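Trainee: Kindly return the folded structure for what I paste below:
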Amino acid sequence: MQSVFVGSGNLGADPTLRVVKVEGEDRSVCNLRVNFDRRRPSKDGKGWEDAGSFWASVSMWGRHAEMADKILRKGARVVVSGEIYQHEWTDENEGDRVEMRITAESVSLDLMCVETVQYRAKSSADKEGSVAA
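Mentor: Below you'll find the model as predicted:
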């Protein structure tokens, strides 16, 4: 069963992009480390208050991965949606470890934290159905 996740948070580090073999094919994957905050309406109803936060590793694949690596930077405020799961492993130095991981379907910038956007000119590939970033 798939566990759907949607949350917003800040990147704790710059994205890391690498190319991996998947079923004999080279695929781009971008890994993000995101601190998701939990905010709730304040008791006085006039704002928001912090209800804690948690860290999760987020992975994106393909063209989305390449664009995330190109655009996102440490501190960026993002909204992530995808599948969340708990990853467990044993580390030689630290013993048993547990981490929340998300395979993202979508990662977008929180527009409240963006000052400018620059669009590129459409190319012939865009006219054939590709989406410009």
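
Trainee: Can you tell me what sits against the longest helix anywhere in the chain?
Mentor: Longest helix in the chain by number of residues (criterion: DSSP state H): helix 62-71. Residues outside helix 62-71 that contact it (CB atoms under 8 Å, 6 or more residues apart in numbering) are 15-17, 27-30, 32, 59-60, 104, 106-107, 109, 133. The C-beta positions use only the backbone N, C-alpha and C, and glycine is treated the same way.

Trainee: tell me the least confident of those?
Mentor: Among the contacts of helix 62-71, Ala133 has the lowest pLDDT, at 49.

Trainee: I'd like the next helix or strand past the longest helix of the chain.
Mentor: Where DSSP states H and E defines the elements, the next helix or strand beyond helix 62-71 is strand 77-91.

Trainee: quick one: strands adjacent to the top strand by length along the chain?
Mentor: When the chain is parsed with DSSP state E, its longest strand is strand 25-41. Partner strands for strand 25-41, per DSSP bridges, with pairing direction: strand 4-11 (antiparallel), strand 16-22 (antiparallel), strand 48-61 (antiparallel).

Trainee: buried sites along that strand?
Mentor: Neighbour-count burial for strand 25-41, counted by 16 or more other CB atoms under 10 Å, picks out 28-34, 36-37.

Trainee: count of residues packed around Arg97?
Mentor: 10 (other CB atoms under 10 Å).

Trainee: ugh, wrong one, I meant Ala68
Mentor: 24.

Trainee: quick one: it from Ser106, how far?
Mentor: 11 Å (CB to CB, to the nearest Å).

Trainee: so where's the chain uncertain?
Mentor: Scanning the chain with the threshold set as pLDDT under 70 gives 1, 124-133.

Trainee: How is the residue of the chain most remote from its centre assigned, secondary-structure-wise?
Mentor: Taking CA atoms, centre = their mean, the residue of the chain most remote from its mean C-alpha position is Asp44, at 32.2 Å. Recorded secondary structure, Asp44: coil (DSSP: H, G, I helix; E, B strand; the rest coil).
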